[in-house]
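Chemist: Pasting the sequence and the predicted model now:
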Amino acid sequence: MNLSDMIKKVKEHPEYHKAGMILCHNGVVRETSRDGKRVSHLMVKANEEILAEIVAEMKKRPGIVEVLADINEGKLFPGDDIMIVVVAGDFRENVFPVLKDAVDIIKKDVTRKVEI
């Protein structure tokens, strides 16, 4: 899981010349939960099959050149990367919604997190 490598991969895409922007989401482990409780670590599991389906669907959207997503599984501590999503496309009105939708759907349907 390396954001720089993912951006490099996007730039190597044969249709990259059509892109006008690259947006990235880098989710990290917070030291507190939404309700304010301290988090020692997270246990994260991901369904790679569903992740691949979501990425494939996002790539079909208008103006999108490439979508990449990577999830760090296992025992993660505050500050560790959980998920990186990279979306490249033509215009911001096409790219911003895809990044938001991808992150929201992945968090809902792909990842399972247990706060410890």
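Modeler: Okay, I see it.
Chemist: The longest helix along the chain: which residues count as buried?
Modeler: For the chain, the helix with the greatest residue count under DSSP state H is helix 92-109. Of all the residues in helix 92-109, those buried under the rule 16 or more other Cβ atoms under 10 Å are 94-95, 98-99, 102-103, 105-106. Quick note: C-beta positions are derived from backbone N, CA and C, even for glycine.
Chemist: Against which helices or strands is whatever helix or strand comes next after it packed?
Modeler: Going down the chain from helix 92-109, the next helix or strand is strand 111-115, by DSSP states H and E. Under the contact definition 3 or more Cβ pairs under 8 Å, 6 or more residues apart in numbering; DSSP states H and E, strand 111-115 sits against strand 42-46, strand 81-89.
Chemist: Out of the ones you listed, the one nearest H25 is which?
Modeler: Minimum separation from H25 across the helices and strands packed on strand 111-115 (Cβ to Cβ) falls at strand 81-89, 4.4 Å.
Chemist: partners of the closest one, with directions?
Modeler: As defined by DSSP bridges, the strand partners of strand 81-89 come to strand 21-28 (antiparallel), strand 64-71 (antiparallel).
Chemist: can you state the direction angle for the first one and strand 111-115?
Modeler: Direction vectors for strand 21-28 and strand 111-115, defined by axes from the mean of the first three to the mean of the last three Cα atoms, to 10 degrees, enclose an angle of 30 degrees.
Chemist: Return strand 21-28 as CSV; C-alpha atoms alone will do.
Modeler: As requested, C-alpha coordinates have been extracted for strand 21-28 and formatted as CSV (Å, rounded to 0.1, in the frame of the first residue of the first chain):
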residue,chain,number,x,y,z
MET,A,21,-7.1,15.4,-12.3
ILE,A,22,-6.2,12.7,-9.8
LEU,A,23,-8.0,12.5,-6.5
CYS,A,24,-6.8,10.4,-3.6
HIS,A,25,-8.3,9.3,-0.3
ASN,A,26,-5.9,8.0,2.4
GLY,A,27,-7.9,6.7,5.4
VAL,A,28,-5.9,6.3,8.6
